[in-house]
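Q: Take this sequence and fold it.
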Amino acid sequence: MRTKGMIRCTAGVAVVVGLSGCSVGAGAPEGWKVMRGGSVAVAHPKVWEELRTAGAGAQASAVLRGKGGRQVGEITVRPGGAIRRGVRPRPMTIGGRPATQVRYVERAADGSRNRAVEVTTTDSHGRPVLVRVTGPDTAGWPVELRQIVNSIDVN
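A: Numbering: from 1, shown residues only. Here you go, the predicted structure:
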(Lines give C-alpha, C1' and ligand atoms only; values in the text may rest on other atoms or scores of the structure.)
Protein backbone atom coordinates (compact mmCIF):
# COMPACT_ATOMS: atom_id res chain seq x y z
CA MET A 1 0.00 0.00 0.00
CA ARG A 2 2.79 2.41 0.89
CA THR A 3 4.45 1.71 -2.47
CA LYS A 4 1.22 2.48 -4.37
CA GLY A 5 0.89 5.79 -2.53
CA MET A 6 4.48 6.71 -3.30
CA ILE A 7 3.95 5.84 -6.97
CA ARG A 8 0.78 7.97 -7.08
CA CYS A 9 2.59 10.84 -5.39
CA THR A 10 5.53 10.61 -7.79
CA ALA A 11 3.18 10.47 -10.78
CA GLY A 12 1.30 13.49 -9.43
CA VAL A 13 4.53 15.44 -9.04
CA ALA A 14 5.55 14.50 -12.59
CA VAL A 15 2.22 15.79 -13.93
CA VAL A 16 2.55 19.07 -12.00
CA VAL A 17 6.14 19.55 -13.19
CA GLY A 18 5.07 18.79 -16.76
CA LEU A 19 2.21 21.26 -16.60
CA SER A 20 4.27 24.01 -15.01
CA GLY A 21 6.60 23.95 -18.03
CA CYS A 22 3.74 24.49 -20.47
CA SER A 23 3.66 28.28 -20.11
CA VAL A 24 7.10 28.66 -21.70
CA GLY A 25 6.61 28.42 -25.40
CA ALA A 26 2.80 28.31 -25.14
CA GLY A 27 2.52 30.52 -28.24
CA ALA A 28 5.04 28.49 -30.22
CA PRO A 29 4.68 25.31 -32.28
CA GLU A 30 5.75 22.00 -30.80
CA GLY A 31 9.42 21.17 -31.23
CA TRP A 32 10.74 24.69 -30.73
CA LYS A 33 13.70 25.25 -28.38
CA VAL A 34 13.46 27.35 -25.22
CA MET A 35 16.18 29.94 -24.57
CA ARG A 36 16.59 31.33 -21.06
CA GLY A 37 18.17 34.61 -20.06
CA GLY A 38 17.88 35.88 -16.50
CA SER A 39 14.19 35.73 -15.54
CA VAL A 40 13.03 35.39 -19.17
CA ALA A 41 12.34 32.31 -21.28
CA VAL A 42 11.47 32.55 -24.96
CA ALA A 43 10.87 29.81 -27.54
CA HIS A 44 12.31 29.82 -31.05
CA PRO A 45 12.51 27.46 -34.04
CA LYS A 46 15.33 24.92 -33.98
CA VAL A 47 17.08 26.57 -36.92
CA TRP A 48 17.94 29.57 -34.73
CA GLU A 49 21.44 29.35 -33.24
CA GLU A 50 21.77 30.24 -29.56
CA LEU A 51 24.96 32.16 -28.89
CA ARG A 52 27.07 31.13 -25.92
CA THR A 53 28.19 34.67 -25.21
CA ALA A 54 25.47 37.24 -25.66
CA GLY A 55 26.94 40.63 -26.49
CA ALA A 56 26.51 44.15 -25.10
CA GLY A 57 24.82 43.32 -21.79
CA ALA A 58 22.41 40.74 -23.22
CA GLN A 59 21.45 37.85 -20.95
CA ALA A 60 20.66 35.56 -23.89
CA SER A 61 20.81 35.77 -27.65
CA ALA A 62 19.95 33.63 -30.67
CA VAL A 63 20.46 34.35 -34.36
CA LEU A 64 18.86 33.22 -37.59
CA ARG A 65 21.28 32.78 -40.46
CA GLY A 66 20.46 33.07 -44.14
CA LYS A 67 22.42 32.38 -47.31
CA GLY A 68 26.16 32.20 -46.80
CA GLY A 69 25.75 32.23 -43.01
CA ARG A 70 24.73 35.91 -42.99
CA GLN A 71 22.71 36.89 -39.91
CA VAL A 72 19.15 37.77 -40.91
CA GLY A 73 17.40 37.67 -37.53
CA GLU A 74 18.09 37.93 -33.82
CA ILE A 75 16.39 37.39 -30.47
CA THR A 76 17.95 39.27 -27.56
CA VAL A 77 16.98 39.21 -23.87
CA ARG A 78 18.32 42.15 -21.84
CA PRO A 79 17.79 43.74 -18.47
CA GLY A 80 16.23 47.19 -18.74
CA GLY A 81 13.14 48.61 -20.32
CA ALA A 82 14.35 50.87 -23.13
CA ILE A 83 12.04 50.77 -26.10
CA ARG A 84 12.35 52.30 -29.57
CA ARG A 85 11.17 55.91 -29.68
CA GLY A 86 8.76 57.23 -32.25
CA VAL A 87 6.77 53.99 -32.46
CA ARG A 88 3.31 53.64 -30.93
CA PRO A 89 3.46 51.27 -27.95
CA ARG A 90 0.81 48.56 -27.66
CA PRO A 91 -0.21 47.20 -24.28
CA MET A 92 -0.14 43.45 -23.68
CA THR A 93 0.22 41.07 -20.75
CA ILE A 94 2.79 38.38 -20.06
CA GLY A 95 1.94 35.96 -17.28
CA GLY A 96 -0.62 38.41 -15.89
CA ARG A 97 1.90 41.28 -15.79
CA PRO A 98 1.47 44.42 -17.88
CA ALA A 99 3.87 44.65 -20.80
CA THR A 100 4.44 46.95 -23.75
CA GLN A 101 5.12 45.96 -27.34
CA VAL A 102 6.35 48.06 -30.25
CA ARG A 103 6.64 46.85 -33.84
CA TYR A 104 8.53 48.49 -36.66
CA VAL A 105 10.43 47.87 -39.89
CA GLU A 106 14.09 48.85 -40.14
CA ARG A 107 16.67 48.85 -42.92
CA ALA A 108 19.65 46.53 -42.64
CA ALA A 109 23.16 47.59 -43.72
CA ASP A 110 22.68 45.79 -47.07
CA GLY A 111 19.45 47.72 -47.78
CA SER A 112 17.08 44.85 -47.01
CA ARG A 113 14.14 45.36 -44.67
CA ASN A 114 13.84 43.70 -41.27
CA ARG A 115 10.81 43.48 -39.02
CA ALA A 116 11.40 44.11 -35.34
CA VAL A 117 9.39 43.73 -32.16
CA GLU A 118 10.45 44.95 -28.73
CA VAL A 119 8.61 43.75 -25.64
CA THR A 120 9.21 45.25 -22.19
CA THR A 121 7.82 44.16 -18.85
CA THR A 122 9.04 43.54 -15.30
CA ASP A 123 10.03 40.31 -13.59
CA SER A 124 8.70 39.07 -10.24
CA HIS A 125 11.24 41.29 -8.45
CA GLY A 126 10.06 44.42 -10.30
CA ARG A 127 13.18 44.59 -12.49
CA PRO A 128 12.57 45.73 -16.08
CA VAL A 129 13.35 43.30 -18.91
CA LEU A 130 13.43 43.73 -22.69
CA VAL A 131 13.07 41.11 -25.41
CA ARG A 132 13.91 42.25 -28.95
CA VAL A 133 13.18 40.04 -31.97
CA THR A 134 14.18 40.88 -35.54
CA GLY A 135 13.92 39.00 -38.81
CA PRO A 136 13.53 39.37 -42.56
CA ASP A 137 10.48 41.26 -43.83
CA THR A 138 9.04 38.30 -45.74
CA ALA A 139 5.55 36.85 -46.09
CA GLY A 140 6.02 34.08 -43.49
CA TRP A 141 7.99 36.07 -40.96
CA PRO A 142 5.14 37.98 -39.24
CA VAL A 143 3.50 34.67 -38.23
CA GLU A 144 6.76 33.29 -36.82
CA LEU A 145 7.50 36.63 -35.16
CA ARG A 146 4.09 36.56 -33.44
CA GLN A 147 4.69 32.98 -32.25
CA ILE A 148 8.07 33.93 -30.76
CA VAL A 149 6.55 36.95 -28.97
CA ASN A 150 3.62 34.86 -27.69
CA SER A 151 6.08 32.35 -26.21
CA ILE A 152 7.78 34.88 -23.89
CA ASP A 153 7.55 33.93 -20.22
CA VAL A 154 8.93 36.06 -17.38
CA ASN A 155 9.44 34.85 -13.80
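Q: Give me the pLDDT for the most centrally placed residue in the chain.
A: Nearest residue to the geometric centre of the chain (Cα atoms, centre = their mean): Val42, 2.8 Å. pLDDT, the model's per-residue confidence, is 96 for Val42.
Q: so it sits right up against Asn150, yeah?
A: No: if you go by Cβ atoms under 8 Å, Val42 and Asn150 don't touch, sitting 9.8 Å apart. Glycine gets a C-beta too; all of them are placed from N, C-alpha and C.
Q: what about the nearest residue to Arg97 once chain neighbours are set aside, which SS state?
A: The shortest distance from Arg97 to any residue other than its chain neighbours is 5.3 Å, reached at Thr121 (Cβ to Cβ, 6 or more residues apart in numbering). Assigned with DSSP: H, G, I helix; E, B strand; the rest coil, Thr121 falls in the strand class.
Q: partners of Thr121 in the sheet?
A: The partner list for Thr121 in beta bridges (DSSP bridges) reads Val129.
Q: And for Glu74?
A: Counting by DSSP bridges, Glu74 is bridged to Val63, Thr134.
Q: That one: what's it in contact with?
A: Taking Cβ atoms under 8 Å, 6 or more residues apart in numbering, we find Glu74 in contact with 61-64, 132-135.
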